[in-house]
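>>> model this:
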Amino acid sequence: MVDFAFTTYDINRVFAIPFGTNIASQKVLEKNNFILEGKFDKVLIKNGELLDELVYAIRRENWRK
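Presented below is the predicted three-dimensional model:
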């Protein structure tokens, strides 16, 4: 998907916003060279529970490294 985004569109950044509790998604993003850019503590509600929101991104200049 990242390859498609960068080869098809004139964009410089692709981002993903997993829940703070979703460790598997965080690991997948990190293995694909996404960098944690931000963490917002207890800003999302899921099933009545406050969860952290994480922002991961990859920039064009770091793509394919």
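
>>> Y56 contacts V28, correct?
No. Between Y56 and V28 there is no contact under C-beta atoms under 8 Å: 9.7 Å. Backbone N, C-alpha and C define where each C-beta goes, glycine included.

>>> who's more crowded, the two?
Remark: of Y56 and V28, Y56 carries more neighbours, 21 against 14, as counted by other C-beta atoms under 10 Å.

>>> The top helix by length along the chain - what's its average pLDDT?
Counting residues, the longest helix in the chain under DSSP state H turns out to be helix 23-31. The average pLDDT within helix 23-31 is 97.

>>> So in terms of bridging, what pairs with L54?
K39 (DSSP bridges).

>>> OK, contacts around it?
For L54, the contact set (C-beta atoms under 8 Å, 6 or more residues apart in numbering) comprises 17-20, 26, 36, 38-40.

>>> Can you show me the strands along this structure?
Assigned by DSSP state E, the strands in the chain fall at 13-16, 35-46, 49-59.

>>> nearest to M1, of those strands?
strand 13-16 (7.8 Å; C-beta to C-beta).

>>> what about dumping the CA coordinates of that closest one to PDB?
This file holds the C-alpha atoms of strand 13-16, laid out as PDB (Å, rounded to 0.1, in the frame of the first residue of the first chain):
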ATOM      1  CA  ARG A  13       3.900  11.200   4.000                       C
ATOM      2  CA  VAL A  14       1.700   8.200   4.700                       C
ATOM      3  CA  PHE A  15       0.400   7.700   8.200                       C
ATOM      4  CA  ALA A  16      -1.500   5.200  10.400                       C
END
